[in-house]
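Trainee: Here is a sequence together with a model predicted from it:
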Amino acid sequence: MKKITEIIEQATGFKADSTSYIYAKHSTLRIRYWFWGLMALILFVLFLPWTQNIRATGNITTLFQDQRPQEINAIIPGRVIKWWVKEGDFVKKGDTIIEMADVKDDYLDPDLLKRTEEQLDAKKEKIDFYNSKIGNTEQQVFALKEMLSLKLSSIENKLEQTKRKLLSDSAELLAAKLDNEIAEQQISRAKQMFSDGIISLVEFERRKVQFNKANALLTEKQQKFLNTKQDLLILKLEMGSLSQETADKVFKAMGEIASSGSDVAEVKDEVAKKKNQLANYRIRGGQRWLIAPQSGQIVKAKKAGLNETVKEGDMIVEIVPDKVDYAAELFLSPMDLILVEKGQQVRLIFDGFPTIVFSGWPKASYGTYLGEVVYVETNKSENGKFRILVVPIKGDQLWPTTLKLGVGAQGFAMLKDVGVWYELWRQINGFPPDYYSRLTESKNKK
């Protein structure tokens, strides 16, 4: 073997000592330095501060309901006549989106408003008629009462006159009775004197004539007294009858007034209904045009073409507001919910925006945006998680202006600053973030 080696060395001029190239037995190895340096680096990293955080995913929304995408629905059933916009157009508040025509038979008359106004005017004239009738009847009642007062005053005057006449007739009757008694005494004495022959027959007959006259005068005075008394009773009866008759007329007139008042109230009710109907017709006529309730972009047109019918409440289009105060809608698991509260800061990542994220070192991350929790739901959502809303912090870095509603978002809720070694130990054991710090604070409080 040595001979072969010597022959090769002589032929080539090279020393064929392979062991000098294979083994570096005379060199100094540095592996142990690299090992201890790596250990020191790992130990250094383990004691670096680490910000605990919990992650949540969601999307971009807005805090205010009136800034969210809004459906524009058909208020009345109808058919499409004209589209004033198309999908993707930006409209301002008050712009016309679509024009429709009514399809119900009750609203097809082109002169519907005019005819309803004419009906309303006719009802108003009817009210004027009834009011005039009430006024005339009231005047009639007033006239009846005035006439009754005058007639009663006249009858009362006659009644006073009759009472005085009755007193006069009573006195005359009393005088006639006295004259009749005297005549009876005289005729009685005359009969006696005539039978005794004291007076002549002529004298007796003269006295008899006087007696008859006194008797006739008494009868006349009695009859006159009774007639006057009857006249007094008749006047009283006439006064009562006149009052009753006038009261009946007044009562009938008041009944007509009440009936006319009822008619007025009924017609007023009809007038109110006609006014309401007229206002509804005018409002309904204005609802044939769908107006943009706010400025934004038209999307999701559900109806197309002309003469397509729509039902009441059908969605026509959707409008996305152009001015939105953005907020991030994140969903937390029930286990992480107790670690988040209102006012807590959150780091956000938005889909489509470049980021370099170190969740434990937020200050070293790039493309993240700071936000603040303003709302934590107390009831879980349909996905079984709890929703929180995060808004930008005033005075801090502004969120991207090109954000859109519905863009995906990820959030990191910043918790306690701990060492890397503690975070690794917590992750290995499956403990929740900041578990022991909360327990310690609770003990300190006790």
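Mentor: Received it, and whenever you're ready, just let me know what you need. Remember, it's a predicted structure, so these values are computed and weren't measured experimentally. Numbers count the residues shown, from 1 in each chain.
Trainee: same for the longest strand along the chain, what does it pack against?
Mentor: Counting residues, the longest strand in the chain under DSSP state E turns out to be strand 49-62. For strand 49-62, the helices and strands in contact under the criterion 3 or more Cβ pairs under 8 Å, 6 or more residues apart in numbering; DSSP states H and E are strand 326-332, strand 386-392, strand 408-419, helix 420-429. The way it works is simple: take the backbone N, C-alpha and C, and place the C-beta from them, glycine included.
Trainee: If we use 10 Å, what do you get?
Mentor: Contacting strand 49-62 under the criterion 3 or more Cβ pairs under 10 Å, 6 or more residues apart in numbering; DSSP states H and E are the following elements: strand 326-332, helix 334-337, strand 345-350, strand 386-392, strand 408-419, helix 420-429.
Trainee: ok now the shortest one, how far from the chain's centre?
Mentor: The one in question is helix 334-337. For helix 334-337, the gap between its own C-alpha mean and the chain's C-alpha mean amounts to 40 Å (Cα atoms, centre = their mean, to the nearest Å).
Trainee: Run through the neighbouring helices and strands of it.
Mentor: Applying 3+ Cβ pairs under 10 Å, 6+ apart, we find helix 334-337 packed against strand 49-62, strand 386-392.
Trainee: which one of the ones you listed is the most hemmed in?
Mentor: Most buried of the helices and strands packed on helix 334-337 by mean neighbour count (mean count of other Cβ atoms under 10 Å) is strand 386-392; its value is a mean of 21.
Trainee: Just checking: what are the partner strands of it?
Mentor: Taking DSSP bridges as the criterion, strand 386-392 pairs within the sheet with strand 326-332 (antiparallel), strand 369-376 (antiparallel).
Trainee: quick one on the thing from earlier: please identify the one among the helices and strands packed on helix 334-337 that comes closest to residue 301.
Mentor: strand 49-62 (22.6 Å; Cβ to Cβ).
Trainee: could you give the angle of that closest one to strand 326-332?
Mentor: 120 degrees (axes from the mean of the first three to the mean of the last three Cα atoms, to 10 degrees).
Trainee: now strand 49-62 and strand 345-350, what's the angle there?
Mentor: Taking the same axes, to 10 degrees, one finds that strand 49-62 is oriented at 60 degrees with respect to strand 345-350.
Trainee: Tell me how far strand 49-62 lies from the chain's centre.
Mentor: Going by Cα atoms, centre = their mean, the spacing between the C-alpha centre of strand 49-62 and its chain's C-alpha centre is 41 Å.
Trainee: Break this protein down into its structural domains.
Mentor: By the record's domain assignment, the chain is partitioned as 48-63+325-445, 112-286 (automatic domain parsing).
Trainee: what's the least confident stretch among these?
Mentor: Note on the domains of the chain: domain 48-63+325-445 shows the lowest mean pLDDT, a mean of 74.
Trainee: quick revisit: tell me the most buried of the strands paired with strand 386-392?
Mentor: Per residue and on average, the most neighbours among these fall to strand 326-332, with a mean of 23 (mean count of other Cβ under 10 Å).
Trainee: backbone phi and psi for the nearest residue to residue 306 once chain neighbours are set aside, please?
Mentor: Nearest-residue entry for residue 306: residue 80, 5.6 Å, with adjacent residues in sequence omitted and distances by Cβ to Cβ, 6 or more residues apart in numbering. Per-residue torsions, residue 80: phi -80, psi 130 (degrees, to the nearest 10).
Trainee: And for residue 80, the neighbour number?
Mentor: Close neighbours of residue 80, defined as other Cβ atoms under 10 Å, add up to 19.
Trainee: so what's it up against?
Mentor: 74, 98-101, 303-310, 316 (Cβ atoms under 10 Å, 6 or more residues apart in numbering).
Trainee: Among the residues you listed, which one sits closest to residue 398?
Mentor: Of all the contacts of residue 80, the one with the least separation from residue 398 (Cβ to Cβ) is residue 316, at 35.3 Å.
Trainee: Where does the closest one sit, in terms of helix or strand?
Mentor: Taking DSSP states H and E as the criterion, residue 316 maps to strand 315-321.
Trainee: Tell me which other helices or strands that strand touches.
Mentor: Here strand 315-321 is seen to pack against strand 70-73, strand 78-83, strand 90-91, strand 96-102, strand 296-299 when contacts are counted using 3+ Cβ pairs under 10 Å, 6+ apart.
Trainee: mind checking pLDDT for residue 319?
Mentor: pLDDT, read off for residue 319, is 90.
Trainee: Make sure it is actually in contact with residue 88.
Mentor: No. With contact defined as Cβ atoms under 10 Å, residue 319 does not reach residue 88; the gap is 11.7 Å.
Trainee: tell me, what's touching those two both at once?
Mentor: Both residue 319 and residue 88 are in contact with 297, 298, 299, where contact means Cβ under 10 Å, 6+ apart.
Trainee: Return the set of buried residues in stretch 175-185.
Mentor: Using 16 or more other Cβ atoms under 10 Å as the burial criterion, the residues of stretch 175-185 that qualify are 176, 179, 180, 183.
Trainee: mind listing the helices in the chain by residue range?
Mentor: In the chain, the helices defined using DSSP state H lie at 2-12, 19-22, 31-46, 112-196, 201-286, 334-337, 420-429, 435-445.
Trainee: nearest residue to residue 398 other than its sequence neighbours?
Mentor: Distance criterion Cβ to Cβ, 6+ apart; nearest residue to residue 398, sequence neighbours excluded, is residue 392 at 6.8 Å.
Trainee: May I have the residues that are in contact with the one you found?
Mentor: Residues touching residue 392, when contacts are defined by Cβ under 10 Å, 6+ apart, comprise 325, 326, 327, 328, 348, 369, 370, 371, 372, 398, 399.
Trainee: repeat that with 7 Å
Mentor: The contact partners of residue 392, taken as Cβ atoms under 7 Å, 6 or more residues apart in numbering, are 371, 398, 399.
Trainee: same question, residue 303
Mentor: 80, 310, 316.
Trainee: make it 8 Å
Mentor: 80, 98, 310, 314, 316 (Cβ atoms under 8 Å, 6 or more residues apart in numbering).
Trainee: possible to save those residues as a markdown table with distance to residue 154 and pLDDT?
Mentor: Written out in a markdown table, the entries for those read as follows (distance: Cβ to Cβ, whole Å; pLDDT from 0 to 100):
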| residue | distance to residue 154 | pLDDT |
| --- | --- | --- |
| 80 | 83 | 86 |
| 98 | 82 | 87 |
| 310 | 81 | 83 |
| 314 | 82 | 85 |
| 316 | 83 | 86 |
